[in-house]
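Visitor: What would the 3D arrangement of this be:
(2 chains)
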Amino acid sequence: DAGITQSPRHKVTETGTPVTLRCHQTENHRYMYWYRQDPGHGLRLIHYSYGVKDTDKGEVSDGYSVSRSKTEDFLLTLESATSSQTSVYFCAISGIKEEKLFFGSGTQLSVL
Amino acid sequence: QKEVEQDPGPLSVPEGAIVSLNCTYSNSAFQYFMWYRQYSRKGPELLMYTYSSGNKEDGRFTAQVDKSSKYISLFIRDSQPSDSATYLCAIHGGSQGNLIFGKGTKLSVKP
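Guide: Prediction:
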């Protein structure tokens, strides 16, 4: 998966607990993205980063925060998980052009 | 109207068939057009990328863009069981964070 590692691969948590998902890349790409994929909605952008400490919101950013302290790591945090955040989360990276994305294998998150 | 529309299928074809997958879009400002393939329980992988009207061919795959009709297609010739996957169209408006995915079409190629 183009040098992208997502962790954990699966997680079950309870409503109201904080959750952090990690994306690690070895490609030294500038841009990193977090997407969620849900039946009937497809892939939707949560947040993205265009450099260390530079992040911006995507289409569905409410309830999520991100941090990027190093080029290789992009963290997605659910401050207080809700059942509506049950989803498959994908990290993606790109070099110069956003449209050529490389995706990780995904994290299946279940919020009970 | 959704910005990108894609028939979710599922689509089932016999091995060797020609497959046609399609998306329509609403914003004429979109500039870049992509197709991603996603196998079950995997992340999407880029299959085809184009930024102009016309055809682009790569092996058994042909991507077609008609900007006047706001219509993009992916053709798969001599389809194989290994082509069974969900195919996502994606369209980019040119500015960062402006990549929109279709919901995907699930394709099954039967031996």
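
Visitor: per-residue confidence at B:K2?
Guide: For B:K2, the model assigns a pLDDT of 66.

Visitor: With adjacent residues omitted, what lies nearest to the residue of chain A at minimum distance from chain B?
Guide: In chain A, the residue that lies nearest chain B is A:F103 (3.2 Å; Cβ to the nearest Cβ). Using the backbone N, CA and C atoms, a C-beta is placed for each residue, glycine as well. Nearest residue to A:F103, sequence neighbours excluded (Cβ to Cβ, 6 or more residues apart in numbering or on different chains): B:G43, at 3.2 Å.

Visitor: Now name the helix or strand holding A:R36.
Guide: Secondary structure from DSSP states H and E places A:R36 in strand A:31-38.

Visitor: Now do the buried residues in that strand.
Guide: Residues of strand A:31-38 classed as buried: A:Y31, A:M32, A:Y33, A:W34, A:Y35, A:R36, A:Q37 (neighbour count, 16 or more other Cβ atoms under 10 Å in any protein chain shown).

Visitor: can you give me how far whatever helix or strand comes next after that strand is from the chain middle?
Guide: The element immediately downstream of strand A:31-38 (helix or strand, assigned by DSSP H and E) is strand A:42-51. Relative to its chain's centre, strand A:42-51 lies at 7 Å (Cα atoms, centre = their mean, to the nearest Å).

Visitor: What helices and strands are in contact with strand A:42-51?
Guide: Contacts defined by 3 or more Cβ pairs under 8 Å, 6 or more residues apart in numbering or on different chains; DSSP states H and E place strand A:42-51 against strand A:31-38, strand A:54-57, strand A:64-70, strand A:73-78, strand B:99-101.
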